[in-house]
Structure formats: C-alpha cells, structure tokens
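Enquirer: can you look at this prediction? I've put the sequence above it.
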There are 2 protein chains.
Amino acid sequence: MTLPHPAADQISLPNVLSVLGDPTRLAIVTYLARNADIPQSCSQFLDYGSKTNLSYHLAKLREAGVTRAEVVGTSRMISLRRTELDARFPGLLDSVIAAAGELPLAGAASASRDD
Amino acid sequence: MTLPHPAADQISLPNVLSVLGDPTRLAIVTYLARNADIPQSCSQFLDYGSKTNLSYHLAKLREAGVTRAEVVGTSRMISLRRTELDARFPGLLDSVIAAAGELPLAGAASASRDD
DNA sequence: CCAATTGTTCAACAACTATTGAACTAAGGA
DNA sequence: TCCTTAGTTCAATAGTTGTTGAACAATTGG
C-alpha cells in the first residue's frame, strides 16, 4: 500500500534543491541516509518539530520525489528514493549528505543528549 | 576592488541549496560553470530577467557564497567560487551542474534562438 | 561639465513558506 | 465497542521570496 509519488523522470532538480534547502528537511534526509537499513516511521523525527510540522515537511519531501512513504498499519514507513535520485542526479545526494555531515541539527534524532 | 563576500567557512549548505533551488539562479550558475574561462558581467544574463531582477538574484548568489563579484569600471565581473565550494562541499557543484545540464533555461543565454 | 552606460536601492505587492492548534481519519488492541 | 496510537487536513498567521518600475550612484567618454 503506497500513496502518490512522482515518477522518477518527473523529479525536478530546482525543486529537489529547494526542498533540501530547509534545515529540518535536510536533517531528515541525512538521518534517512545514515539509517537506510532500518525502516523509519514519521514519529522518528519528532525531535525535529511538531507532529503537524513533520507531516508538512515529510509531504514536501515525498512530493519532490526525495522520499518514499509506505503505509503499514497506522504508520508510514519513510525511505530515501536513493536509486531513482542517483540515476537522475548522479552524485548529488552523496555530496549533499556528506556535506550535511557537519550540520548541528543532523544528529539530533540519533544521539545528542549529554546534558 | 571587491564588494562584501562571505568567508569560505561561513558558506552554509542549506543556504546554498535553497539559493540554487531557484531556476533563474540555477541557470546563471550553470552558465558560469560552462564559461568559467570568460569573465562575465551582469548584463550577460539579461535573457534571464530584468536588470533589477538580475541584480536581486546575483546578490543572493553572492551573499550565499556561490559567486564572486569584482568591480571593473562600471561593470561587475561575476565568477563561481569553484575552489572554495569544492573544498567545502566536495562534488556538490559538479553534480548540480551535471544534473542541470538537461534544464531548458540553462542554455538560453548562450544559443537557443532558432525561430 | 553633460550625457550615456552599468548596475544598485527603494517601496510596493502578490505569492508562497513554515509553523501552530484544533479537528479529523484510520487501524489496532482492550 | 470504545480507546489509543499514528498521522493528515484545515484555517489562520507571520515571515519570506520573487518581481516590478522609479529613482539613484558611479564610472567613462564627448
């Protein structure tokens, strides 16, 4: 069970770039890239914003063709559209994720609580 | 004679991405990358928008650290900050420019008038 | 000095973006 | 069935973005 996603050839570069230009969404994408093996639900990202806000950002990412959302029970499993993005924009995601590595927000969901 | 530019380490990834997310600016950057050997003045880009509008977009690019502007007489010579961007975000510019290759707007300034 | 060229700044405006709380839908478990 | 859990949709709002025309500044050339 899946909800509407753009086809691979409909994914627009300017669109992808501006969607990744938001710090919250960049953090989500970075997290997804680093945990691609583990299926992620929306609630994984509650550190990044409110439930409503996350819903908004995750919709933006999905509509831009950056992520895939699969409905599983009451949850949605979010994943990066790695293969399609790599085919369409070779090296882009890799360089973005590598560069985002230094970003403060990027690690917030995994481990940053040492106070 | 140069005007204010951000230092290389002040260049922010989300900022660069959202600045490149605008089709006009992406076209400018693509054009600059393909004509890096030839110095480009602002007026080179008048195909992409009005004088005022270009001034706006070129300022955005400069403030984000993507381009450099050098004052020469009454003109400003615009260039990509290739070295600095490549050092800070390795592979990013290359993949963006390669991907932008397919974009319709990208070639408008060089050669597209065949009507 | 006066005019032309090159580009910036300003005020205005419509359109879009991110964020919020309240209300809603849909599935799962007691 | 009723409640909880997971997430969406809606309306409102504050802030930002792209675009425009008019006015301005700075350099060059007569």
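Expert: Yes, it's here.
Enquirer: what does the most centrally placed residue in chain A show for phi and psi?
Expert: Closest residue to the average C-alpha location of chain A: A:Val29 at 3.2 Å, with CA atoms, centre = their mean. Torsion angles at A:Val29 (phi, psi; degrees, to the nearest 10) stand at phi -60, psi -40.
Enquirer: from what I see, it and A:Ala64 are in contact.
Expert: No: between A:Val29 and A:Ala64 there is no contact under CB atoms under 8 Å: 10.5 Å. Backbone N, C-alpha and C define where each C-beta goes, glycine included.
Enquirer: residue boundaries of the helices in chain A?
Expert: Ranges of helices within chain A are A:13-20, A:23-34, A:51-63, A:82-88, A:92-100, based on DSSP state H.
Enquirer: let's have those helices in JSON lines, adding distance to B:Ala59 and mean pLDDT.
Expert: Supplementary listing: the helices of chain A in JSON lines, determined by distance: least, CB to CB, whole Å; pLDDT from 0 to 100:
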{"stretch": "helix A:13-20", "distance to B:Ala59": "18", "mean pLDDT": "98"}
{"stretch": "helix A:23-34", "distance to B:Ala59": "22", "mean pLDDT": "97"}
{"stretch": "helix A:51-63", "distance to B:Ala59": "26", "mean pLDDT": "98"}
{"stretch": "helix A:82-88", "distance to B:Ala59": "30", "mean pLDDT": "97"}
{"stretch": "helix A:92-100", "distance to B:Ala59": "23", "mean pLDDT": "97"}
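Enquirer: out of these, which comes closest to DNA strand D?
Expert: helix A:51-63 (3.0 Å; CB to the nearest atom of the strand).
Enquirer: what residues sit buried inside that closest one?
Expert: Using 16 or more other CB atoms under 10 Å in any protein chain shown as the test for burial, helix A:51-63 gives A:Leu54, A:His57, A:Leu58, A:Lys60, A:Leu61, A:Arg62.
Enquirer: from A:Arg88, how far out is the second one?
Expert: In this structure, A:His57 and A:Arg88 are 22 Å apart, going by CB to CB, to the nearest Å.
Enquirer: close to DNA strand D: what parts of chain A are there?
Expert: Neighbours of DNA strand D within chain A, by CB under 7 Å from any atom of the strand: A:41-43, A:51-52, A:54-56, A:58-59, A:69, A:74-76.
Enquirer: can you pick out the most distant pair from these?
Expert: Largest separation among these by CB to CB: A:Tyr56 and A:Thr74, giving 19.2 Å.
Enquirer: how close does the spatially closest residue to A:Arg76 that is not a sequence neighbour get to DNA strand C?
Expert: Leaving out its chain neighbours, the residue that sits closest to A:Arg76 by CB to CB, 6 or more residues apart in numbering or on different chains is A:Ala69, at 4.7 Å. Using CB to the nearest atom of the strand, to the nearest Å, A:Ala69 is found at 14 Å from DNA strand C.
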